[in-house]
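# Predicted model follows, preceded by the sequence.
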Amino acid sequence: MLRVVLLGPPGAGKGTQAKRLGEAFGAEHISSGEIFRANVQEGTELGRMAKTYMDVGDLVPDDVTTRMVVEALSRARGGYLLDGFPRTIPQAEALERELNDRGEPLSAVLAFVLDLEIAVKRIAGRRTCSACGRPDNVEFDPPKVPGRCDACGGTLEQRSDDEEGPVRRRLEVYRESTEPLLKFYSERGMLREIDADGSEDEVFERASAALADLRGGASSAEASRGARP
Ligand SMILES: [Zn+2]
């Protein structure tokens, strides 16, 4: 069973890949942001606890977030691809402790790797049609008429946080917070790096191969244990 954490900078296509990989491998794509919102909306015990901090503008403590995530993971009986968590070393340590206690450690951490300049180009190229909402990318899939939606002719607009300055700052924040995590998982021999420079299909092929390898490795190890007298 695949128990995998996904890491990757904005622009690496991690969300799209997570969805496709989850479908291909029968594993649940678990987004920590969605879990968080669901707990708060449904008013679960953890959600109410989180809300008391949010209401006064405080950060929700790591142990509350970790408990929400671990609860969601334990319900994913077919395995999972966890997206958006952990973001810090204390969260990674808490997750490791919880999963080890359950005897269900992570299979691996898949890190999508993308050159900073390519990530900037990809994100800064994003446009959305103001009329029909169709997404477009002037860098990778330029519209037939510049500035106009291919589907309806509407005006293509850029979100202000997709402009180059904000994008560079976002990528810098990602790099600073993620580098320690990459080191943490690399030291444990759990890190698998996926080259995210390529088409969506190419990156999907690379990530699929890594997951198939993980799953194959687990099942052959189980088979050889079973075969022992
Ligand atoms: Zn349109």
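That came through fine.

# give me the number of residues near Pro90?
If you count neighbours by other CB atoms under 10 Å, Pro90 ends up with 13. C-beta: built from backbone N, CA, C; applies to glycine.

# check contacts around the closest residue to it other than its chain neighbours.
Spatial nearest neighbour of Pro90, excluding adjacent residues (CB to CB, 6 or more residues apart in numbering): Asp62 at 5.4 Å. Residues near Asp62 by CB atoms under 8 Å, 6 or more residues apart in numbering: Thr88, Pro90, Gln91, Ala94.

# Weed out the non-buried ones from the residues you listed.
Gln91, Ala94 (16 or more other CB atoms under 10 Å).

# what about the residue nearest the centre of the chain, distance to the ion?
By CA atoms, centre = their mean, the chain has its centre lying nearest to Asp83, at 3.2 Å. Here the criterion is CB to the ion, to the nearest Å. By it, Asp83 lies 29 Å from the ion.

# Just the pLDDT for that residue.
Per-residue confidence (pLDDT) for Asp83: 94.

# Identify the bridge partners of it.
Leu6, Ser31 (DSSP bridges).

# so who does it touch?
Listed by CB under 8 Å, 6+ apart, the contact partners of Asp83 are Leu6, Lys14, Gly15, Ala18, His29, Ile30, Ser31, Ser32.

# can you do 10 Å?
Each residue near Asp83 by CB atoms under 10 Å, 6 or more residues apart in numbering is listed here: 4-8, 14-15, 17-19, 22, 29-34.

# Are any of the residues you listed buried, and if so which?
4-8, 14, 17-18, 22, 29-32.

# for those residues, which one is nearest Asp201?
For these, the closest approach to Asp201 (CB to CB) belongs to Gln17, at 10.4 Å.

# State whether that closest one and Leu114 are indeed in contact, as I suppose.
No - counting by CB atoms under 10 Å, Gln17 stays clear of Leu114, with 11.7 Å between them.

# Mind listing the shared neighbours of those two?
With CB under 10 Å, 6+ apart as the test, Gln17 and Leu114 both reach Gly8, Ile194, Ala196, Val203.

# As TSV, the residues you listed with secondary structure would be great.
As requested, the shared contacts of Gln17 and Leu114 are exported to TSV (DSSP: H, G, I helix; E, B strand; the rest coil):
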residue	secondary structure
Gly8	coil
Ile194	strand
Ala196	coil
Val203	helix
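
# just the strands in the protein please.
3-7, 28-31, 80-83, 108-113, 126-129, 135-137, 156-157, 191-195 (DSSP state E).

# Show me what counts as buried in stretch 57-73.
Buried residues in stretch 57-73, counting neighbours by 16+ other CB under 10 Å, are found at Val60, Asp62, Val64, Thr65, Thr66, Arg67, Met68, Val69, Val70, Ala72, Leu73.

# For those residues, could you give me TSV that also reports pLDDT and distance to the ion?
Formatted as TSV, these follow (pLDDT from 0 to 100; distance: CB to the ion, whole Å):
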residue	pLDDT	distance to the ion
Val60	89	38
Asp62	88	42
Val64	91	41
Thr65	91	38
Thr66	92	42
Arg67	92	43
Met68	94	37
Val69	95	37
Val70	93	42
Ala72	94	36
Leu73	95	39
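
# my read: Leu7 touches Lys183, true?
No - assessed by CB under 10 Å, Leu7 is found out of contact with Lys183, at 11.8 Å.

# Please enumerate the shared neighbours of these two.
Contacts common to Leu7 and Lys183, judged by CB under 10 Å, 6+ apart, are Leu191.
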